[in-house]
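Engineer: Structural data only, the sequence is not supplied:
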């Protein structure tokens with residue numbers, strides 16, 4: 001087990017270093033001069049542009065910028081935002097907290113509903129229930145996030161009384177934590193529903209396939225021969241075994257849902273990492289983009305590492321493969 005963990009940890013470290021290199025290169029390939037985009041002043045002289053480039057370290061050779069970038073990352077210094085003129089951590093972490101407020105309940109709901117529907121669909125395979133659940137899951141998995149979000153906004157406007165943008169009501173002073181929480185939950189409703197619906201389809205489809213595969217195993221036939229009821233067999237044996245491949249999907253989804261929330265946050269003007277990434281691309285704010293990309297990549301790497309450990313715990317055969 002120790003060798004297995006060490007191998008997975010080494011793979012994660014190598015992957016993270018590759019992400020650092022890729023992050024540095026990709027955002028230097030973006031077109032446009034960030035200094036000119038930052039100040040948008042046609043009267044800037046070449047000398048002033050050179051001074052501003054030196055201030056932000058953009059006049060150094062790429063290899064020097066790369067070494068400085070790596071050193072600063074391991075020091076916890078993600079640089080200075082070109083646009084906000086503040087440390088990237090001060091810009092990024094409040095947005096990350098806002099994203100977590102949206103992502104955490106959405107992901108939990110998507111997992112619970114998706115896995116539950118997948119179990120029902122696999123159990124009732126080749127029936128009208130199975131066809132209804134599978135069709136719905138495929139539609140939700142394929143539906144564009146922005147289209148569903150806009151559709152819900154139109155529906156909310158028609159109904160009235162449901163906030164369609166932002167995280168809190170503008171210009172409202174809250175006199176109690178209960179009032180603040182109530183306002184936050186009302187704004188959270190539409191983006192949470194959107195993110196839940198577009199995410200649960202994959203869990204349902206994977207779980208359905210796993211359940212169907214498990215129902216063809218020999219131990220299921222033996223359990224039926226012993227007189228075990230179908231409901232108990234599904235609950236005690238089939239579902240725990242069918243969850244094995246779903247664990248990896250869930251872990252990867254948790255890591256990538258931050259990136260997947262970009263469209264949801266943009267449609268509903270939710271001030272999270274997704275909106276920050278969208279705005280930073282337009283502003284050519286390299287440090288913020290690098291920081292956001294690293295957060296997303298690191299969450300995926302950590303989630304995969306945890307998934308490997310959980311998978312090995314659930315299925316001891318993995319340790320010897």
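Structural biologist: Happy to help now that I have it. Owing to the predicted nature of the structure, the values given are computational and were not obtained by experimental measurement.
Engineer: Could you find the closest non-adjacent residue to residue 140?
Structural biologist: residue 201 (3.7 Å; Cβ to Cβ, 6 or more residues apart in numbering). (Each C-beta comes from the backbone N, C-alpha and C, glycine too.)
Engineer: same question, residue 293
Structural biologist: residue 23 (5.1 Å).
Engineer: Now do the contacts for that neighbour.
Structural biologist: When contacts are counted by Cβ atoms under 8 Å, 6 or more residues apart in numbering, residue 23 touches 290, 293, 294, 297.
Engineer: ditto for residue 234
Structural biologist: 119, 123, 211.
Engineer: what number of residues lie near the second one?
Structural biologist: Here the neighbour count serves as a burial measure; for residue 123 (other Cβ atoms under 10 Å) it reads 20.
Engineer: Repeat that for the last one.
Structural biologist: Summarising burial for residue 211: neighbours were counted as other Cβ under 10 Å, giving 25.
Engineer: Which strand or helix spans it?
Structural biologist: In the assignment (DSSP states H and E), residue 211 maps to helix 177-214.
Engineer: OK, contacts around the residue lying closest to residue 189 once chain neighbours are set aside?
Structural biologist: The spatial neighbour of residue 189 that comes closest, neighbours along the chain excluded (Cβ to Cβ, 6+ apart), is residue 162 at 6.4 Å. Residue 162 is in contact with 156, 186, 189, 190, counting by Cβ under 8 Å, 6+ apart.
Engineer: coming back round to it: name the nearest of the contacts of residue 234 relative to residue 244.
Structural biologist: Comparing the contacts of residue 234 against residue 244 with Cβ to Cβ places residue 211 closest, at 11.5 Å.
Engineer: what's the nearest residue to that closest one if we skip its chain neighbours?
Structural biologist: residue 122 (2.8 Å).
Engineer: Surely that neighbour and residue 243 touch.
Structural biologist: No - using Cβ atoms under 8 Å, residue 122 makes no contact with residue 243, being 11.9 Å away.
Engineer: Pull up the overlap in contacts between those two.
Structural biologist: Common neighbours of residue 122 and residue 243 (criterion: Cβ under 8 Å, 6+ apart): 207, 210.
Engineer: quick one: what helix or strand has the residue nearest to residue 293 in it?
Structural biologist: Residue 23 belongs to helix 2-28 when assigned by DSSP H and E.
Engineer: quick one: low-confidence ranges for the stretch 1-150 of the chain?
Structural biologist: 1, 27-59 (pLDDT under 70).
Engineer: Recalculate using a threshold of 50.
Structural biologist: Within the stretch 1-150 of the chain, no stretch falls below the threshold (pLDDT under 50).
Engineer: Quick one: the helices in it, in order.
Structural biologist: According to DSSP state H, counting those that start in this stretch, the stretch 1-150 of the chain carries its helices in the segments 2-28, 34-39, 46-55, 62-74, 88-123, 128-142, 145-159.
Engineer: so the fourth one versus helix 2-28, what angle?
Structural biologist: In other words, helix 62-74. 130 degrees (axes from the mean of the first three to the mean of the last three Cα atoms, to 10 degrees).
Engineer: List the buried residues of helix 62-74.
Structural biologist: For helix 62-74, burial by neighbour count (16 or more other Cβ atoms under 10 Å) applies to 65, 66, 69, 73.
Engineer: give the contact list for the closest residue to the last one other than its chain neighbours.
Structural biologist: Translated: residue 73. Using Cβ to Cβ, 6+ apart and skipping the chain neighbours, the partner closest in space to residue 73 is residue 20 (6.5 Å). Residues near residue 20 by Cβ under 8 Å, 6+ apart: 69, 70, 73, 294.
Engineer: Fine by me, thanks again.
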